[in-house]
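Asks: sequence unknown, structure follows:
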């Protein structure tokens, strides 16, 4: 009897795993098949106005890249504070909690927030607003990963640095950050991968443009927002293009994730 | 240098707090007109953007925010007052030109269904637009419940399969695949739901290919990898020595899972469920494609309806005035709810456990 129950339960959980994997495989296969239909060198060399996705990819990466550039110093400094200066204080724990909460805050809410503080005063959607929204999304992720990585640095390293007379600043900059470098870089890659696929915070902050644009103070091309717009169009060609864009975007996100994993594995070997 | 650096890092850390507070304050300020106008009834009012006749002030000055019981106006009221909807918040202003006040007072208890009849009144009586979030709130709650009911057994199955059943040659690649799937942009899930999964579900259960059911299931599929990966991590924290002791006593695998692993990893598993719940609550893109986006309660699960994030995604750019304030109100509700959900999860269940 016990053995039967055991067999049934194990069978059921394997079955559940299979069902889940089937769905996920279905999504990926659909994405690859539909996406490759419209995939051609043409779409990488033309803007959306000419049925390409060049400007969209560029716009998305520029916005996510700028958000990362702002996010790196701020996020890492905040992580340093949590681990090196404020460690074990109530305030640091409080910030840690808040940062965790913010990490899981609905991205659409962040979109509305940025809309209220940036887009409404300016009066129209702008690339900068998209950058700010992605930065707000990204900050807690960088804080969290830096915090975690610094906590892995052995205390002996800090003590050794202080013992030879280095100031705290020197210990942090020259010993701790170096020791945690790989982990922090991984965190940054994963954070970038996370925000580059975001749609909701960009919907009405950056909007999306069909043209190539270098002016961040105006509506800026975004691949995710455009996928949303294109996929809901009645035109089959546009839907196909949306699938192709989705495939390209997913490809980049997965490659970045694998890259992040690879970097951290190299360290352990 | 030393001092500056310490200060800078402290400021950066405080920025997290500042941004969070700024979000709350901004949303509150932007939502203030709607909060004052509709109050807490907002959450129970199912009308969105419906023109209703303005309530005639009684002898004591009428309070704004009583939209629900606003007495319907007489149909034979002369069409003397054509006011734009948003100018009518101050009821006193209208009253000045109103000669029919006497008639109207007597008819106050007339109980006509305002929501349905309003169209016919719109051109004959002063109106204002009423916004209520009930449909969106209900849509959000139900799609999340469906998602969790669907995702929970499957995600637990995957977590148990990966940590206890599968040989490590299988568990490792599958585990990585699951984690990668958690990283796929949610818009992909939405597109797949719109073009493939929705019609598939409609062919089985009937009804529309965009519906509450489809939205819930797509949401569920989206959180499965996330929930499975977190639960697996929690399960993996069970010390081998405990499991081995149980096996040595002759326990079966199921008994070990039920009596050793679940009690040990309970906090982590519950935490992962709540975090996934928070994710499902606030998810926009996966739902926006498949929920239908209509402001109606779904009488069957296969009917289209709407959820809070989708209201925000669909209506934000073309809104202004009171409708915009109402959207901010919805956004604030969503933020506060997910804040509470996530904070509970992190604080009570995952305090020590490391997430990701």
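Replies: Received the coordinates, thanks. Please read all numbers here as calculations on a predicted model, not as lab measurements.
Asks: gap between the helix or strand that contains residue A:28 and the chain center?
Replies: Element membership for residue A:28 (DSSP states H and E) is helix A:2-37. Offset of helix A:2-37 from its chain centre (CA atoms, centre = their mean, to the nearest Å): 27 Å.
Asks: helices or strands up against the helix or strand just after that helix?
Replies: Next along the chain after helix A:2-37, taking DSSP H and E as the criterion, comes helix A:41-45. In terms of contacts (3 or more CB pairs under 8 Å, 6 or more residues apart in numbering or on different chains; DSSP states H and E), helix A:41-45 is packed against helix A:54-80, helix A:236-268. To be clear about C-beta, it is placed using only N, CA and C from the backbone, and glycine gets the same treatment.
Asks: Quick one, which of those helices gets closest to residue B:159.
Replies: Each of these has some distance to residue B:159 by CB to CB; the shortest is helix A:236-268, at 19.8 Å.
Asks: so what's the spatially closest residue to residue B:339 that is not a sequence neighbour up against?
Replies: Closest residue in space to residue B:339, ignoring its immediate chain neighbours: residue A:101 at 5.9 Å, by CB to CB, 6 or more residues apart in numbering or on different chains. Taking CB atoms under 8 Å, 6 or more residues apart in numbering or on different chains, we find residue A:101 in contact with B:20, B:339, B:342-343, B:346.
Asks: what's the helix or strand for residue A:101?
Replies: helix A:90-103.
Asks: Buried ones in that helix, by neighbour count?
Replies: Residues of helix A:90-103 classed as buried: A:92, A:95-103 (neighbour count, 16 or more other CB atoms under 10 Å in any protein chain shown).
Asks: now, the most widely separated pair of those?
Replies: That would be A:92 and A:103, which, of these, are the farthest apart (CB to CB) at 16.3 Å.
Asks: isn't there a strand covering residue B:302?
Replies: No. Going by DSSP: H, G, I helix; E, B strand; the rest coil, the assignment for residue B:302 is coil, not a strand.
Asks: shouldn't residue B:198 be in contact with residue B:210?
Replies: Yes. Residue B:198 lies in contact with residue B:210 (CB atoms under 8 Å); the separation is 5.7 Å.
Asks: got any residues that touch both of those two?
Replies: With CB under 8 Å, 6+ apart as the test, residue B:198 and residue B:210 both reach residue B:290.
Asks: And what about the residue nearest to residue B:336 when sequence neighbours are not counted, helix, strand or coil?
Replies: Nearest non-adjacent residue to residue B:336, counting by CB to CB, 6+ apart: residue B:24, 8.0 Å away. Recorded secondary structure, residue B:24: helix (three-state DSSP).
Asks: residues contacting residue B:24?
Replies: B:332, B:335-336.
Asks: Same check on residue B:235?
Replies: Neighbours of residue B:235 in contact, by CB under 8 Å, 6+ apart: B:159-160, B:163-164, B:261, B:265, B:268-269.
Asks: cool, and residue B:194?
Replies: Here residue B:194 is in contact with A:231, B:210, B:289-290 (criterion: CB under 8 Å, 6+ apart).
Asks: Surely it is within a strand?
Replies: No. Using three-state DSSP, the assignment for residue B:194 is helix, not a strand.
Asks: so what's it scoring on pLDDT?
Replies: Listed pLDDT for residue B:194 reads 91.
Asks: In stretch A:246-253, which residues are buried?
Replies: Counting neighbours by 16+ other CB under 10 Å, stretch A:246-253 gives A:246-250, A:252-253 as buried.
Asks: Please apply the same query to stretch A:158-167.
Replies: Within stretch A:158-167, judged by 16+ other CB under 10 Å, the buried ones are A:158, A:161, A:166.
Asks: Alongside chain A, which residues does the stretch 101-250 of chain B contribute?
Replies: B:153-158, B:160-162, B:165, B:174, B:176-181, B:183-189, B:191-192, B:194-196, B:221, B:224-225, B:228 (CB under 8 Å from any CB of the partner chain).
Asks: Just the buried residues out of those, in PyMOL syntax.
Replies: Restricted to buried positions by 16+ other CB under 10 Å, the PyMOL selection for these reads:
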select buried, chain B and resi 154+155+156+157+158+160+161+162+165+174+178+179+180+181+183+184+185+186+187+188+189+191+192+194+195+221+224+225+228
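Asks: In helices, which of the residues of the stretch 101-250 of chain B next to chain A appear?
Replies: Secondary structure from DSSP state H places B:153-158, B:160, B:174, B:176-181, B:183, B:186-189, B:191-192, B:221, B:224-225, B:228 of those in helices.
Asks: Does anything pack onto the helix holding residue A:28? Which helices or strands?
Replies: By 3+ CB pairs under 8 Å, 6+ apart, helix A:2-37 packs against helix A:236-268, helix B:134-160, helix B:168-183, helix B:186-192, helix B:212-236, helix B:253-256.
Asks: what angle sits between the fifth one and helix B:134-160?
Replies: So that's helix B:212-236. Note on geometry: by axes from the mean of the first three to the mean of the last three CA atoms, to 10 degrees, helix B:212-236 and helix B:134-160 are set 40 degrees apart in direction.
Asks: now helix B:212-236, how far from the chain's geometric center?
Replies: 17 Å.
Asks: elements contacting the helix or strand just after it?
Replies: Next helix or strand after helix B:212-236 toward the C-terminus (DSSP H and E): helix B:240-248. Secondary-structure packing of helix B:240-248 (3+ CB pairs under 8 Å, 6+ apart): helix B:253-256.
Asks: which parts of the following helix or strand past the helix it packs on are buried?
Replies: On the C-terminal side of helix B:253-256, the closest following helix or strand by DSSP H and E is helix B:262-282. Buried residues in helix B:262-282, counted by 16+ other CB under 10 Å: B:262, B:264-265, B:267-282.
Asks: Now do the contacts for the residue in the stretch 151-269 of chain A positioned nearest to chain B.
Replies: Per CB to the nearest CB, the residue of the stretch 151-269 of chain A with the smallest distance to chain B is residue A:197, at 3.1 Å. Contact partners of residue A:197, counting by CB under 8 Å, 6+ apart, are A:224, A:249-250, A:253, B:183-187.
Asks: Kindly list the main-chain dihedrals of the most centrally placed residue in chain A?
Replies: Geometric centre of chain A, nearest residue: residue A:194, 1.7 Å, by CA atoms, centre = their mean. Per-residue torsions, residue A:194: phi -70, psi -50 (degrees, to the nearest 10).
Asks: ok, it - contacts?
Replies: A:137-138, A:141, B:183.
Asks: what's the answer for residue A:120, then?
Replies: Contacts of residue A:120 (CB under 8 Å, 6+ apart): residue B:30.
Asks: tell me the mean pLDDT for the helix or strand harbouring it?
Replies: Assigned by DSSP H and E, residue A:120 falls within helix A:120-122. The pLDDT scores in helix A:120-122 average 85.
Asks: which strands and helices sit next to the helix or strand just after it?
Replies: Note on helix A:120-122: by DSSP H and E, the next helix or strand toward the C-terminus is helix A:127-151. With contacts defined as 3+ CB pairs under 8 Å, 6+ apart, helix A:127-151 has these neighbours: helix A:54-80, helix A:90-103, helix A:107-114, helix A:181-196, helix B:2-38.
Asks: how close does the closest residue to residue B:234 other than its chain neighbours sit to chain A?
Replies: Spatial nearest neighbour of residue B:234, excluding adjacent residues (CB to CB, 6+ apart): residue B:268 at 2.7 Å. Using CB to the nearest CB, to the nearest Å, one gets 15 Å for the distance from residue B:268 to chain A.
Asks: Surely residue B:268 and residue B:349 touch.
Replies: Yes. The pair residue B:268 and residue B:349 qualifies as a contact (CB under 8 Å) at a distance of 7.0 Å.
Asks: Tell me who's in contact with the residue in the stretch 51-200 of chain A positioned nearest to chain B.
Replies: Residue nearest to chain B within the stretch 51-200 of chain A: residue A:106 (2.4 Å; CB to the nearest CB). By CB under 8 Å, 6+ apart, the residues touching residue A:106 are A:200, B:281-284, B:309, B:334-335, B:338.
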